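Student: heads up, no residue letters with this:
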(Lines give C-alpha, C1' and ligand atoms only; values in the text may rest on other atoms or scores of the structure.)
Protein backbone atom coordinates (compact mmCIF):
# COMPACT_ATOMS: atom_id res chain seq x y z
CA UNK A 1 0.00 0.00 0.00
CA UNK A 2 1.65 3.18 -1.17
CA UNK A 3 0.47 6.77 -1.32
CA UNK A 4 2.35 9.49 -3.15
CA UNK A 5 1.33 12.76 -4.74
CA UNK A 6 -2.31 12.10 -4.05
CA UNK A 7 -2.27 8.73 -5.83
CA UNK A 8 -3.33 5.59 -3.95
CA UNK A 9 -2.35 2.24 -5.45
CA UNK A 10 -4.51 -0.67 -4.24
CA UNK A 11 -2.53 -3.13 -2.13
CA UNK A 12 -1.51 -6.39 -3.80
CA UNK A 13 -1.10 -9.06 -1.08
CA UNK A 14 1.21 -12.01 -1.67
CA UNK A 15 -0.45 -14.54 -3.96
CA UNK A 16 1.52 -17.65 -3.05
CA UNK A 17 -0.63 -18.97 -0.17
CA UNK A 18 -4.03 -18.23 -1.73
CA UNK A 19 -3.13 -19.75 -5.08
CA UNK A 20 -1.54 -22.76 -3.44
CA UNK A 21 -4.81 -23.38 -1.59
CA UNK A 22 -7.21 -22.76 -4.46
CA UNK A 23 -5.17 -22.94 -7.63
CA UNK A 24 -6.95 -19.74 -8.60
CA UNK A 25 -9.90 -21.81 -9.86
CA UNK A 26 -13.38 -22.24 -8.37
CA UNK A 27 -13.96 -24.28 -5.23
CA UNK A 28 -17.38 -25.85 -4.65
CA UNK A 29 -19.25 -24.79 -1.56
CA UNK A 30 -22.50 -23.60 -0.05
CA UNK A 31 -23.73 -20.10 0.70
CA UNK A 32 -26.82 -19.67 2.90
CA UNK A 33 -27.67 -23.29 2.15
CA UNK A 34 -27.41 -22.93 -1.62
CA UNK A 35 -24.74 -24.47 -3.88
CA UNK A 36 -22.04 -21.97 -4.76
CA UNK A 37 -18.59 -21.65 -6.24
CA UNK A 38 -15.78 -19.40 -5.03
CA UNK A 39 -13.11 -17.83 -7.19
CA UNK A 40 -9.93 -16.35 -5.70
CA UNK A 41 -6.98 -14.45 -7.15
CA UNK A 42 -5.05 -13.72 -3.96
CA UNK A 43 -6.56 -10.25 -3.61
CA UNK A 44 -10.30 -10.92 -3.87
CA UNK A 45 -12.47 -13.91 -3.09
CA UNK A 46 -15.71 -13.99 -5.06
CA UNK A 47 -18.66 -16.28 -4.28
CA UNK A 48 -21.31 -17.01 -6.90
CA UNK A 49 -24.48 -19.10 -6.56
CA UNK A 50 -25.22 -21.77 -9.13
CA UNK A 51 -28.77 -20.43 -8.98
CA UNK A 52 -28.87 -17.52 -11.38
CA UNK A 53 -25.08 -16.97 -11.42
CA UNK A 54 -25.78 -14.56 -8.56
CA UNK A 55 -22.84 -12.76 -6.96
CA UNK A 56 -23.38 -13.06 -3.20
CA UNK A 57 -20.05 -12.35 -1.53
CA UNK A 58 -16.87 -10.42 -2.27
CA UNK A 59 -14.09 -9.91 0.25
CA UNK A 60 -10.55 -8.56 0.29
CA UNK A 61 -7.87 -11.07 1.23
CA UNK A 62 -6.01 -8.55 3.39
CA UNK A 63 -9.07 -6.95 5.05
CA UNK A 64 -9.40 -8.08 8.65
CA UNK A 65 -13.17 -7.87 9.11
CA UNK A 66 -13.88 -9.47 5.72
CA UNK A 67 -16.73 -7.06 5.01
CA UNK A 68 -18.62 -7.86 1.82
CA UNK A 69 -20.49 -5.00 0.18
CA UNK A 70 -23.35 -7.16 -1.07
CA UNK A 71 -26.88 -7.45 0.28
CA UNK A 72 -27.59 -10.64 2.24
CA UNK A 73 -31.26 -10.59 3.39
CA UNK A 74 -30.98 -14.06 4.95
CA UNK A 75 -28.19 -12.96 7.29
CA UNK A 76 -29.89 -9.67 8.13
CA UNK A 77 -33.16 -11.44 9.00
CA UNK A 78 -31.26 -13.98 11.08
CA UNK A 79 -29.58 -11.18 13.03
CA UNK A 80 -33.06 -9.78 13.76
CA UNK A 81 -34.35 -13.18 14.89
CA UNK A 82 -36.59 -13.48 11.84
CA UNK A 83 -36.94 -16.30 9.31
CA UNK A 84 -35.13 -16.03 6.01
CA UNK A 85 -37.15 -14.38 3.22
CA UNK A 86 -38.73 -16.63 0.61
CA UNK A 87 -37.52 -14.49 -2.30
CA UNK A 88 -34.30 -15.66 -3.99
CA UNK A 89 -33.22 -12.04 -4.43
CA UNK A 90 -29.81 -11.36 -2.88
CA UNK A 91 -26.49 -9.76 -3.76
CA UNK A 92 -25.99 -8.90 -7.42
CA UNK A 93 -28.39 -10.89 -9.58
CA UNK A 94 -29.18 -10.58 -13.27
CA UNK A 95 -32.69 -9.63 -14.39
CA UNK A 96 -33.11 -11.16 -17.85
CA UNK A 97 -35.39 -11.41 -19.67
CA UNK A 98 -37.49 -9.11 -17.47
CA UNK A 99 -36.86 -6.33 -14.96
CA UNK A 100 -39.64 -5.85 -12.45
CA UNK A 101 -42.87 -7.73 -11.79
CA UNK A 102 -44.38 -10.00 -14.40
CA UNK A 103 -47.77 -9.10 -15.84
CA UNK A 104 -50.82 -10.98 -14.56
CA UNK A 105 -50.82 -13.12 -17.70
CA UNK A 106 -47.10 -13.86 -17.38
CA UNK A 107 -47.53 -14.81 -13.72
CA UNK A 108 -50.35 -17.16 -14.65
CA UNK A 109 -48.05 -18.77 -17.21
CA UNK A 110 -45.36 -19.25 -14.52
CA UNK A 111 -42.92 -16.46 -15.41
CA UNK A 112 -41.23 -15.06 -12.27
CA UNK A 113 -40.63 -11.38 -11.60
CA UNK A 114 -37.22 -9.97 -12.51
CA UNK A 115 -36.88 -12.54 -15.26
CA UNK A 116 -36.24 -16.23 -15.48
CA UNK A 117 -32.44 -16.34 -15.36
CA UNK A 118 -32.11 -15.55 -11.64
CA UNK A 119 -34.02 -18.70 -10.62
CA UNK A 120 -32.42 -21.14 -13.05
CA UNK A 121 -29.63 -23.46 -11.90
CA UNK A 122 -26.60 -22.86 -14.08
CA UNK A 123 -24.22 -25.44 -15.46
CA UNK A 124 -20.74 -24.29 -14.41
CA UNK A 125 -17.23 -25.00 -15.67
CA UNK A 126 -13.84 -23.51 -14.87
CA UNK A 127 -10.49 -23.11 -16.52
CA UNK A 128 -7.27 -21.11 -16.45
CA UNK A 129 -6.28 -18.71 -19.22
CA UNK A 130 -2.68 -17.90 -18.31
CA UNK A 131 -2.87 -15.77 -15.15
CA UNK A 132 -6.67 -15.51 -15.34
CA UNK A 133 -9.16 -17.74 -13.49
CA UNK A 134 -12.37 -18.24 -15.48
CA UNK A 135 -15.81 -19.39 -14.35
CA UNK A 136 -18.36 -20.00 -17.13
CA UNK A 137 -22.06 -20.54 -16.36
CA UNK A 138 -24.95 -21.34 -18.67
CA UNK A 139 -28.68 -22.10 -18.60
CA UNK A 140 -31.59 -22.35 -21.01
CA UNK A 141 -34.58 -20.16 -20.14
CA UNK A 142 -37.54 -22.25 -21.34
CA UNK A 143 -40.32 -19.74 -20.61
CA UNK A 144 -38.81 -17.02 -22.79
CA UNK A 145 -36.97 -19.42 -25.13
CA UNK A 146 -33.54 -17.93 -24.62
CA UNK A 147 -30.10 -19.23 -23.69
CA UNK A 148 -28.07 -17.26 -21.15
CA UNK A 149 -24.32 -17.53 -20.61
CA UNK A 150 -22.28 -15.62 -18.03
CA UNK A 151 -18.49 -15.73 -17.71
CA UNK A 152 -16.51 -14.35 -14.75
CA UNK A 153 -12.78 -13.63 -15.05
CA UNK A 154 -10.30 -12.64 -12.35
CA UNK A 155 -6.66 -11.88 -13.16
CA UNK A 156 -4.14 -12.76 -10.47
CA UNK A 157 -3.35 -9.87 -8.16
CA UNK A 158 -6.15 -7.52 -9.30
CA UNK A 159 -9.03 -5.94 -7.36
CA UNK A 160 -11.32 -6.47 -10.37
CA UNK A 161 -13.94 -8.99 -11.56
CA UNK A 162 -14.74 -8.99 -15.29
CA UNK A 163 -18.17 -10.21 -16.43
CA UNK A 164 -19.19 -11.12 -19.97
CA UNK A 165 -22.76 -12.24 -20.75
CA UNK A 166 -24.51 -13.56 -23.84
CA UNK A 167 -28.23 -13.87 -24.50
CA UNK A 168 -29.32 -15.99 -27.45
CA UNK A 169 -32.84 -16.01 -28.89
CA UNK A 170 -34.17 -19.47 -29.74
CA UNK A 171 -37.15 -17.99 -31.59
CA UNK A 172 -37.53 -16.83 -35.16
CA UNK A 173 -38.81 -13.28 -34.58
CA UNK A 174 -37.50 -9.99 -33.22
CA UNK A 175 -38.72 -8.97 -29.78
CA UNK A 176 -38.17 -6.30 -27.14
CA UNK A 177 -36.38 -7.46 -24.00
CA UNK A 178 -35.58 -6.14 -20.54
CA UNK A 179 -32.14 -6.65 -19.00
CA UNK A 180 -30.83 -5.25 -15.73
CA UNK A 181 -27.90 -5.90 -13.43
CA UNK A 182 -29.52 -5.74 -9.99
CA UNK A 183 -26.35 -4.84 -8.08
CA UNK A 184 -27.42 -4.36 -4.45
CA UNK A 185 -25.33 -3.41 -1.43
CA UNK A 186 -26.40 -4.02 2.14
CA UNK A 187 -25.54 -3.62 5.79
CA UNK A 188 -23.01 -3.63 7.40
CA UNK A 189 -21.24 -2.14 4.36
CA UNK A 190 -24.28 0.11 3.94
CA UNK A 191 -24.27 2.38 7.00
CA UNK A 192 -26.31 5.44 7.92
CA UNK A 193 -24.38 8.61 7.16
CA UNK A 194 -21.24 6.61 6.31
CA UNK A 195 -21.88 5.11 2.88
CA UNK A 196 -22.08 7.43 -0.13
CA UNK A 197 -22.96 6.80 -3.78
CA UNK A 198 -21.80 8.42 -7.00
CA UNK A 199 -22.53 7.80 -10.68
CA UNK A 200 -21.85 9.13 -14.17
CA UNK A 201 -25.17 10.81 -14.85
CA UNK A 202 -27.24 13.84 -13.88
CA UNK A 203 -30.65 13.87 -15.65
CA UNK A 204 -32.89 12.02 -13.22
CA UNK A 205 -36.47 11.39 -12.16
CA UNK A 206 -38.16 10.18 -9.00
CA UNK A 207 -40.30 7.13 -9.62
CA UNK A 208 -43.99 7.99 -10.11
CA UNK A 209 -46.32 6.47 -7.54
CA UNK A 210 -50.00 6.79 -6.65
CA UNK A 211 -50.35 5.63 -3.09
CA UNK A 212 -50.24 8.25 -0.34
CA UNK A 213 -47.36 8.00 2.18
CA UNK A 214 -48.29 5.75 5.11
CA UNK A 215 -47.02 7.43 8.25
CA UNK A 216 -47.58 4.23 10.27
CA UNK A 217 -45.39 2.04 8.05
CA UNK A 218 -41.83 1.11 9.05
CA UNK A 219 -40.61 2.80 5.87
CA UNK A 220 -42.28 5.74 4.13
CA UNK A 221 -41.63 7.57 0.90
CA UNK A 222 -39.75 10.83 1.26
CA UNK A 223 -39.40 11.81 -2.45
CA UNK A 224 -41.94 13.64 -4.59
CA UNK A 225 -43.67 11.48 -7.21
CA UNK A 226 -42.56 11.58 -10.85
CA UNK A 227 -40.44 14.72 -10.52
CA UNK A 228 -37.46 15.45 -12.77
CA UNK A 229 -34.26 16.54 -11.04
CA UNK A 230 -30.51 16.83 -11.47
CA UNK A 231 -28.59 14.13 -9.60
CA UNK A 232 -28.06 14.04 -6.66
CA UNK A 233 -30.48 16.79 -5.49
CA UNK A 234 -33.90 15.07 -5.45
CA UNK A 235 -37.11 16.88 -4.45
CA UNK A 236 -38.55 15.75 -1.13
CA UNK A 237 -42.22 15.52 -0.18
CA UNK A 238 -41.63 18.16 2.49
CA UNK A 239 -40.28 20.63 -0.09
CA UNK A 240 -36.67 20.12 0.95
CA UNK A 241 -33.91 18.73 -1.21
CA UNK A 242 -32.75 15.17 -0.54
CA UNK A 243 -29.10 14.35 -1.23
CA UNK A 244 -29.27 10.97 -2.96
CA UNK A 245 -25.55 10.39 -2.43
CA UNK A 246 -25.95 9.94 1.31
CA UNK A 247 -27.40 7.02 3.25
CA UNK A 248 -30.02 8.57 5.58
CA UNK A 249 -29.01 9.11 9.20
CA UNK A 250 -32.55 8.42 10.45
CA UNK A 251 -33.55 5.37 8.42
CA UNK A 252 -37.27 4.76 7.90
CA UNK A 253 -37.48 5.57 4.20
CA UNK A 254 -38.11 3.95 0.84
CA UNK A 255 -36.56 5.74 -2.16
CA UNK A 256 -36.80 5.12 -5.90
CA UNK A 257 -35.15 7.13 -8.68
CA UNK A 258 -33.87 6.65 -12.24
CA UNK A 259 -30.91 8.38 -13.88
CA UNK A 260 -30.06 8.62 -17.56
CA UNK A 261 -26.36 7.89 -17.78
CA UNK A 262 -24.09 10.42 -19.45
CA UNK A 263 -24.70 10.36 -23.25
CA UNK A 264 -21.25 11.84 -23.89
CA UNK A 265 -19.46 8.79 -22.42
CA UNK A 266 -19.06 5.30 -23.88
CA UNK A 267 -18.18 3.83 -20.47
CA UNK A 268 -20.37 4.55 -17.46
CA UNK A 269 -19.70 4.01 -13.77
CA UNK A 270 -21.40 3.77 -10.40
CA UNK A 271 -19.77 3.51 -6.96
CA UNK A 272 -20.56 2.89 -3.30
CA UNK A 273 -18.01 4.10 -0.74
CA UNK A 274 -17.98 3.27 2.97
CA UNK A 275 -16.21 6.23 4.56
CA UNK A 276 -15.54 4.56 7.90
CA UNK A 277 -14.03 1.33 6.61
CA UNK A 278 -12.56 3.14 3.57
CA UNK A 279 -13.80 0.47 1.16
CA UNK A 280 -15.00 1.23 -2.36
CA UNK A 281 -17.18 -0.90 -4.63
CA UNK A 282 -17.47 0.30 -8.21
CA UNK A 283 -18.91 -0.76 -11.56
CA UNK A 284 -17.82 0.18 -15.07
CA UNK A 285 -20.04 -0.77 -18.02
CA UNK A 286 -20.84 0.18 -21.60
CA UNK A 287 -23.61 2.70 -22.14
CA UNK A 288 -24.78 0.91 -25.28
CA UNK A 289 -25.65 -2.05 -23.04
CA UNK A 290 -27.04 -0.20 -20.02
CA UNK A 291 -28.08 3.45 -20.54
CA UNK A 292 -30.07 3.68 -17.27
CA UNK A 293 -29.37 3.35 -13.57
CA UNK A 294 -32.17 2.82 -11.06
CA UNK A 295 -31.60 3.62 -7.40
CA UNK A 296 -33.73 1.60 -5.00
CA UNK A 297 -33.18 2.42 -1.34
CA UNK A 298 -34.80 0.41 1.45
CA UNK A 299 -33.85 2.01 4.78
CA UNK A 300 -35.84 0.45 7.67
CA UNK A 301 -35.35 1.62 11.28
CA UNK A 302 -33.67 -1.72 12.08
CA UNK A 303 -30.63 -0.43 10.11
CA UNK A 304 -30.68 -3.69 8.10
CA UNK A 305 -30.65 -1.65 4.92
CA UNK A 306 -30.25 -2.31 1.21
CA UNK A 307 -29.67 -0.12 -1.81
CA UNK A 308 -29.78 -1.09 -5.46
CA UNK A 309 -27.36 0.31 -8.04
CA UNK A 310 -29.28 -1.25 -10.91
CA UNK A 311 -27.91 -0.49 -14.37
CA UNK A 312 -30.31 -1.54 -17.08
CA UNK A 313 -32.06 -1.20 -20.44
CA UNK A 314 -34.98 0.68 -18.82
CA UNK A 315 -35.33 3.38 -16.15
CA UNK A 316 -37.59 1.48 -13.69
CA UNK A 317 -38.30 -2.11 -12.78
CA UNK A 318 -41.73 -2.43 -14.39
CA UNK A 319 -43.46 -5.15 -16.44
CA UNK A 320 -42.20 -5.51 -19.99
CA UNK A 321 -45.45 -4.19 -21.48
CA UNK A 322 -45.10 -1.00 -19.46
CA UNK A 323 -41.42 -0.56 -20.38
CA UNK A 324 -42.20 -0.96 -24.08
CA UNK A 325 -45.27 1.26 -23.80
CA UNK A 326 -43.21 4.03 -22.24
CA UNK A 327 -41.09 4.06 -25.40
CA UNK A 328 -38.63 6.74 -24.33
CA UNK A 329 -37.73 8.87 -21.33
CA UNK A 330 -35.49 11.93 -21.73
CA UNK A 331 -35.27 10.90 -25.41
CA UNK A 332 -33.67 7.52 -24.57
CA UNK A 333 -35.38 4.19 -25.45
CA UNK A 334 -36.69 2.19 -22.49
CA UNK A 335 -36.13 -1.32 -23.90
CA UNK A 336 -33.71 -3.25 -26.11
CA UNK A 337 -34.32 -5.47 -29.12
CA UNK A 338 -33.26 -9.11 -29.34
CA UNK A 339 -33.30 -10.06 -33.04
CA UNK A 340 -34.58 -13.41 -34.29
CA UNK A 341 -32.20 -16.34 -33.74
CA UNK A 342 -29.49 -13.84 -32.75
CA UNK A 343 -27.14 -13.37 -29.80
CA UNK A 344 -26.44 -10.12 -28.00
CA UNK A 345 -23.76 -9.66 -25.37
CA UNK A 346 -22.87 -7.28 -22.58
CA UNK A 347 -19.69 -6.60 -20.64
CA UNK A 348 -19.01 -4.91 -17.34
CA UNK A 349 -16.51 -5.05 -14.53
CA UNK A 350 -16.65 -4.37 -10.82
CA UNK A 351 -13.85 -3.54 -8.44
CA UNK A 352 -13.51 -3.62 -4.66
CA UNK A 353 -10.61 -1.75 -3.14
CA UNK A 354 -9.44 0.13 -0.06
CA UNK A 355 -9.09 3.90 -0.37
CA UNK A 356 -6.86 6.33 1.55
CA UNK A 357 -7.82 8.51 4.49
CA UNK A 358 -9.63 11.62 3.27
CA UNK A 359 -10.97 10.06 0.08
CA UNK A 360 -14.65 11.01 0.43
CA UNK A 361 -16.37 10.94 -2.97
CA UNK A 362 -15.97 9.76 -6.55
CA UNK A 363 -15.97 12.42 -9.26
CA UNK A 364 -14.79 10.24 -12.13
CA UNK A 365 -13.82 6.68 -13.03
CA UNK A 366 -11.76 6.01 -16.16
CA UNK A 367 -10.10 3.04 -17.81
CA UNK A 368 -6.62 4.15 -18.86
CA UNK A 369 -4.04 1.77 -20.35
CA UNK A 370 -4.73 -1.24 -18.15
CA UNK A 371 -5.67 0.77 -15.05
CA UNK A 372 -8.85 2.03 -13.43
CA UNK A 373 -8.33 5.61 -12.27
CA UNK A 374 -10.78 6.79 -9.61
CA UNK A 375 -10.75 10.48 -8.71
CA UNK A 376 -11.84 12.54 -5.71
CA UNK A 377 -11.14 15.96 -7.16
CA UNK A 378 -12.11 17.90 -4.04
CA UNK A 379 -9.55 16.03 -1.99
CA UNK A 380 -7.03 16.03 -4.84
CA UNK A 381 -6.64 12.25 -4.61
CA UNK A 382 -6.67 9.31 -6.99
CA UNK A 383 -7.04 5.59 -6.46
CA UNK A 384 -5.43 3.51 -9.19
CA UNK A 385 -6.44 -0.13 -9.67
CA UNK A 386 -4.77 -2.52 -12.10
CA UNK A 387 -7.19 -3.76 -14.79
CA UNK A 388 -5.35 -5.80 -17.40
CA UNK A 389 -8.32 -7.25 -19.32
CA UNK A 390 -10.32 -5.30 -21.90
CA UNK A 391 -13.90 -4.24 -21.38
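Tutor: Sure, I can see it. Because the structure is a prediction, the values reported are computed rather than measured. Residues are numbered from 1 along each chain as shown.

Student: for this structure, what spans make up the helices?
Tutor: Here the chain has its helices, by DSSP state H, at 16-22, 73-79, 104-109, 320-326.

Student: Mind putting those helices into JSON lines with distance to residue 38 and mean pLDDT?
Tutor: Every residue, glycine included, has its C-beta placed from N, CA and C. Putting the helices of the chain into JSON lines (distance: least, CB to CB, whole Å; pLDDT from 0 to 100) gives the following:
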{"stretch": "helix 16-22", "distance to residue 38": "8", "mean pLDDT": "32"}
{"stretch": "helix 73-79", "distance to residue 38": "17", "mean pLDDT": "93"}
{"stretch": "helix 104-109", "distance to residue 38": "34", "mean pLDDT": "94"}
{"stretch": "helix 320-326", "distance to residue 38": "34", "mean pLDDT": "96"}
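
Student: need those in a markdown table with mean neighbour count, can you?
Tutor: Formatted as a markdown table, those follow (neighbours: other CB atoms under 10 Å):
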| stretch | mean neighbour count |
| --- | --- |
| helix 16-22 | 14 |
| helix 73-79 | 17 |
| helix 104-109 | 12 |
| helix 320-326 | 17 |
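
Student: now these in TSV, with distance to residue 164?
Tutor: Shown next, in TSV, are those (distance: least, CB to CB, whole Å):
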stretch	distance to residue 164
helix 16-22	22
helix 73-79	28
helix 104-109	28
helix 320-326	24
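
Student: quick one: contacts for the nearest residue to residue 113 once chain neighbours are set aside?
Tutor: Leaving aside its chain neighbours, residue 113 sits nearest to residue 101 (4.5 Å; criterion: CB to CB, 6 or more residues apart in numbering). The contact partners of residue 101, taken as CB atoms under 8 Å, 6 or more residues apart in numbering, are 107, 113, 317-319.

Student: same deal with residue 266?
Tutor: Residues near residue 266 by CB under 8 Å, 6+ apart: 286-288.

Student: ok, now residue 362?
Tutor: Residues near residue 362 by CB under 8 Å, 6+ apart: 198, 269, 271, 273, 280, 282, 374-376.

Student: Okay, and which of those map to strands?
Tutor: Judged by DSSP state E, those include 198, 269, 271, 273, 280, 282, 374-376 as members of strands.

Student: Need the max-distance pair from these.
Tutor: Comparing all pairs in the ones in strands among the contacts of residue 362 by CB to CB, the longest separation belongs to 269 and 376, at 13.6 Å.

Student: Compare neighbour counts for those two and give me the winner.
Tutor: The neighbour comparison of residue 269 against residue 376 (other CB atoms under 10 Å) goes to residue 269, with 27 against 22.

Student: And stretch 52-67, end to end?
Tutor: Counting by CA to CA, to the nearest Å, you get 23 Å between the two ends of stretch 52-67.

Student: Next: stretch 182-197.
Tutor: 15 Å.

Student: So what's the gap between it and the chain middle?
Tutor: Remark: stretch 182-197 is offset 12 Å from the chain centroid, using CA atoms, centre = their mean, to the nearest Å.

Student: so for that stretch, what's the average pLDDT?
Tutor: Across stretch 182-197, the average pLDDT comes to 97.

Student: what comes up buried for that stretch?
Tutor: Buried residues in stretch 182-197, counting neighbours by 16 or more other CB atoms under 10 Å, are found at 182-191, 194-197.

Student: give me every residue that touches residue 75.
Tutor: residue 32.

Student: do the same with the one 3 residues further on
Tutor: Contacts for residue 78 were tallied using CB under 8 Å, 6+ apart; they are residue 84.

Student: again with residue 298
Tutor: If you count contacts by CB under 8 Å, 6+ apart, residue 298 has them with 219, 254, 305-307.

Student: same thing but 10 Å
Tutor: Taking CB atoms under 10 Å, 6 or more residues apart in numbering, we find residue 298 in contact with 71, 73, 184, 186, 190, 218-219, 251, 253-256, 304-308.

Student: re earlier: got a quick ChimeraX command for the buried subset of the contacts of residue 362?
Tutor: Buried subset of these, written as a ChimeraX selection, criterion 16+ other CB under 10 Å:
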select :198,269,271,273,280,282,374,375,376
